[in-house]
Each structure stands twice: as structure tokens, then as C-alpha cells.
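> next comes the sequence, and after it the predicted model I'd like to discuss.
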There are 2 protein chains.
Amino acid sequence: MNNYTQMLRNHNLKATPQRLAIVDMLYMHGHMSIDALYEVMIKRFSSISLATIYKNINLMLENTFIQEVKLPNFKSVYELTKESHSHTMCEKCGKINDINLDLDAIVNTASTLKNFEITKADLVLSGVCKNCV
Amino acid sequence: MNNYTQMLRNHNLKATPQRLAIVDMLYMHGHMSIDALYEVMIKRFSSISLATIYKNINLMLENTFIQEVKLPNFKSVYELTKESHSHTMCEKCGKINDINLDLDAIVNTASTLKNFEITKADLVLSGVCKNCV
DNA sequence: GTTTAAAGGAGAAAAATTATCTATAATCTT
DNA sequence: AAGATTATAGATAATTTTTCTCCTTTAAAC
């Protein structure tokens, strides 16, 4: 039994081939939109329904097995849940990457400034990546 | 001729009553979703079409007269364009507020770290506001 | 192997967004 | 200020996106 099978079961999700493939695709590609996911999935499962993609994405979101990344001007992408991190997005090629940045100072400043208990910081840095300059 | 009328014209947008009201609502409420906007607009213009809301929001977005704020787990809200800033969102009451934070250090770090030309930084801090603790 | 509970697929339904068309209103021209 | 010009509002249809229903199949438990 592979890793993902166990991980899915730990989240009370049956390890179906479709589900394992979704996880696999997200692992390989890093970040994928619903459309992109459907496109690659239909190659493996010619009769897969778009509803299956949605159902699984939503289930995995509820179980925090995956997370949604909302992007300015683009459709959301999804990624496997990992340590808290930020994202860069190239406005030319659309490539999204993880980036580890220490936001503690900022979060603390904001917290005291507004008397606000911060539980999460979502940061997306948009621009042009080195390949697209 | 009021301020908004001139501002709209500067963006090549006719200053219709509906449009002025949208701008006014955004100014007063700060951040509004499409639904919330439609709800208040229909009180003033009983026959306003939802399409009018969408058309105007999209037009104003294109003209950067307003901006979209994408929020984790919630629908997007829109705000009048102003100086670059970040947002806090209370997960209990849903209230969204502007917050001015100096992200320069972070942006510079990210830029050199990934060799990435950053043009925009979108930061949303989620948590619990002082009123909801 | 049998049981049972969950998941997949097909398609309908619902929700969200965009497009089309015509009358009207805002702006421009003079 | 009046008429000409052009953009916009509203109604509705169309499209797109997402969710739901129903029935069959499959994974997991025993």
C-alpha cells in the first residue's frame, strides 16, 4: 500500500484510483486548476466525470488534504497541503511557485496594530519570472 | 459636477446614476461582493439588472477604477482603487479591513531569492477581530 | 467471498457570468 | 440649448461553472 493510499485513509477518504491519480497529479504539477486537472485526468480515465473532479476537490478541501490558492486575475489552483508558505505567480507564463518567507514580523505588527488574532496569512507575489523577462 | 463624475469620465466611463451609486456604495461600505452590491442597488433602482452590476464591475476593473480582493473561503469583494495595501478578514463576522503594512523587505527578499520581478503583493490576513473574540 | 458504505459516472439542475438586442440617457457639437 | 452621436441600462437568452440526483460499481471491513 503506497503513501497516498494511507494518507487518504487517514483523512477518512477511500483510496480510489481516480482519487489517487488526482493526488498524484497535484504532487507532480504542484499547482493545478480544475480545468487543467480534468484535462490530464481524462487521459487516464477516459470516462471520468467533471463532477468527480469537483466532488473530490471539495472533499479533500474539507479534509484539509489539499488547499485552494486564489490568484489575482486567474482561476484558483489547488495544491497538496504542506507547511505554511507563500506563492509567486508569473503574469506572463502563469507559472506558480511556492516560496518560504518569514511573515512573523508582519503578522505581529498587524496583530497589535489592529488588535486582531491572526490565524493565517495568504500572500501572492505577482510579477515576471526569470524565464519571461 | 461631483468628484466621482469627473473621476469616471477620466476613466472614459459615462457617469450614469447607476454607476455613481455603485461607486458611492463602494466608498461607503469599503468592500462589497457582487451580491451585497446588488442587494443595496436594487433598493435605489428597483429595476436594475444584475447584468448591469456585472458589466460595470468588469468595466471599472479594466479601467483600474476599482479592484478585486480575493478571499480564502469567501466570495471576492471589490473596492475603490487606492494606495497599495493589505487586508484583514475576520472569519467570524466576515468584516474586511484595509491595513497598511510595509512589505518592502519581504518583497525584496523574495525577488532576489527567486530572481523574480515583483510588481504586486496581495496579502490577506485571516483571523478573529477584536469584536468577535 | 459477502456485506455495506462510499464513490463514480451520466446527465439534470442550479448558480454564476456573459452576450445580444433595443430603447434611452449621457455627452459632444455647434 | 437642441440635435446628433455614442455608450449604457434593462430584459432576456446563452454560456459557463458548479452542484445535485440517481443508479451502478467498487473499496474496505468482516
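Nice, I can see it.
> gap between stretch A:34-53 and the chain center?
17 Å (Cα atoms, centre = their mean, to the nearest Å).
> give me every residue that touches the closest residue to residue A:98 other than its chain neighbours.
Leaving aside its sequence neighbours, residue A:98 sits nearest to residue A:85 (Cβ to Cβ, 6 or more residues apart in numbering or on different chains; 4.9 Å). Any C-beta I mention is one placed from the backbone N, CA and C, and that applies to glycine too. When contacts are counted by Cβ atoms under 8 Å, 6 or more residues apart in numbering or on different chains, residue A:85 touches A:98-101.
> mind putting the residues you listed into CSV with neighbour count?
Output for the contacts of residue A:85, formatted as CSV (neighbours: other Cβ atoms under 10 Å in any protein chain shown):
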residue, neighbour count
A:98, 14
A:99, 17
A:100, 11
A:101, 20
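> which one of those residues is nearest to DNA strand D?
Nearest to DNA strand D among those is residue A:98, at 22.6 Å by Cβ to the nearest atom of the strand.
> that closest one and residue A:80, how far apart?
Going from residue A:98 to residue A:80 by Cβ to Cβ, to the nearest Å gives 11 Å.
> could you do residue A:32 as well?
Counting by Cβ to Cβ, the gap from residue A:32 to residue A:80 is 11 Å.
> ok, those two, which is more surrounded?
Legend: neighbour count by other Cβ atoms under 10 Å in any protein chain shown for residue A:32 and residue A:80, higher for residue A:32 (23 against 15).
> I'd say the more buried one and residue A:75 touch.
No - using Cβ atoms under 8 Å as the test, residue A:32 is too far from residue A:75 to be in contact (10.2 Å).
> could you give the bridge partners of the residue nearest to residue A:30 when sequence neighbours are not counted?
Leaving aside its sequence neighbours, residue A:30 sits nearest to residue A:79 (Cβ to Cβ, 6+ apart; 6.4 Å). Counting by DSSP bridges, residue A:79 is bridged to residue A:67.
> for residue A:79, give me its contacts.
Applying Cβ under 8 Å, 6+ apart, we find residue A:79 in contact with A:26, A:30-31, A:66-67, A:69, A:98.
> export those as JSON lines, with columns for secondary structure and pLDDT.
Converted to JSON lines, the contacts of residue A:79 look like this (DSSP: H, G, I helix; E, B strand; the rest coil; pLDDT from 0 to 100):
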{"residue": "A:26", "secondary structure": "helix", "pLDDT": "97"}
{"residue": "A:30", "secondary structure": "coil", "pLDDT": "97"}
{"residue": "A:31", "secondary structure": "coil", "pLDDT": "98"}
{"residue": "A:66", "secondary structure": "strand", "pLDDT": "96"}
{"residue": "A:67", "secondary structure": "strand", "pLDDT": "97"}
{"residue": "A:69", "secondary structure": "strand", "pLDDT": "98"}
{"residue": "A:98", "secondary structure": "strand", "pLDDT": "98"}
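> same for DNA strand D: which of those are within range?
Among these, not one lies near DNA strand D by Cβ under 7 Å from any atom of the strand.
> low-confidence ranges, chain A, go.
Counting by pLDDT under 70, the low-confidence segments of chain A come to A:1-2.
> show me which residues of it are close to chain B?
Residues of chain A lying near chain B by Cβ under 8 Å from any Cβ of the partner chain: A:68, A:70-72, A:86, A:88, A:90-91, A:97, A:99, A:101, A:103, A:106-107, A:109-111, A:113-130, A:133.
> residue numbers of chain A in contact with DNA strand D?
A:5, A:9, A:14-17, A:34, A:50-51, A:54-55, A:58.
> quick one, what contacts residue A:87?
A:31, A:69, A:71, A:96-99, A:123-125.
> which among those residues gets closest to residue B:41?
Of all these, residue B:41 sits closest to residue A:71, with 27.9 Å by Cβ to Cβ.
> can you tell me the closest non-neighbouring residue to the closest one?
Closest to residue A:71 by Cβ to Cβ, 6+ apart is residue A:89, at 5.7 Å.
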